[in-house]
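Q: Here's a sequence, model it:
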Amino acid sequence: RVPLRQARGPLGGGQAPVISNFQVNPSSVNYNSSATITWNVQNADQCYLSGGIYNNQNVNNQSGSMTTGNLTGNVTYTLNCQNNFSTATQQASVSVSGSAAPIITSFYASPSSINYNQSTQLYWTVQNASTCTISRAGAGSVNVTPNGAPYTTAQLTQNAVYTLTCQNSQGNSTSAQTSV
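A: Sure thing, here's the model as predicted:
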């Protein structure tokens with residue numbers, strides 16, 4: 001009898017690639033932070049990284065690390081390694097918590113110059129905010145909507161500085177001022 005030949009790989013002549021480690025560290029980051037992608041591979045001729053800022057980018061076929069860049073949302077990365085015999089694929093994810101701080105793109109009074117004992121209106125444009133307040137020194141503050149609906153000031157008898165403070169659901173806040 002002739003002994004059967006043992007196959008050493010999918011096609012009988014080689015070994016399939018093995019991804020022994022593929023991870024994103026840390027696997028959870030704050031908004032606009034980065035993480036590091038690392039991998040270790042055996043028996044691969046080529047490896048490609050996809051996800052986030054990478055689109056089938058050719059990477060080291062044995063081991064390596066790359067940064068994710070600043071993240072603003074959850075991302076799943078895929079490492080695809082191959083040789084003449086087979087392909088190996090693994091995925092690793094990073095979750096992002098928090099959100100962008102509010103951005104006040106405009107805050108102004110119209111008109112910005114008024115006569116004694118007159119009022120004016122304040123206007124604003126805000127992104128990424130869930131609440132806003134308008135305040136004036138010595139006069140307290142009032143809640144306003146983040147969408148920029150006009151706010152009518154009290155009748156003023158002197159120059160005044162108004163402060164718009166906006167906050168998002170994560171507690172991040174930003175402020176801007178305008179003078180009348």
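
Q: List the residues that contact the residue nearest the centre of the chain.
A: Among the residues of the chain, the smallest C-alpha distance to the mean C-alpha position (C-alpha atoms, centre = their mean) belongs to residue 72, namely 1.0 Å. By C-beta atoms under 8 Å, 6 or more residues apart in numbering, residue 72 lies in contact with 31, 32, 96, 100. Where you see a C-beta, it was placed from the backbone N, CA and C, and this is true even at glycine.

Q: From these, which one has the minimum pLDDT?
A: In terms of pLDDT, residue 100 ranks lowest among these, with 76.

Q: do you know how far that one is from residue 46?
A: From residue 100 across to residue 46, the span is 37 Å (C-beta to C-beta, to the nearest Å).

Q: Same question for residue 164.
A: Between residue 164 and residue 46 the distance is 54 Å, computed by C-beta to C-beta.

Q: Show me which of those two is the more surrounded one.
A: Under the criterion of other C-beta atoms under 10 Å, the comparison of residue 164 against residue 46 puts residue 164 first, with 28 against 13.

Q: Tell me the bridge partners for that one.
A: Under DSSP bridges, the beta-bridge partners of residue 164 are residue 134, residue 176.
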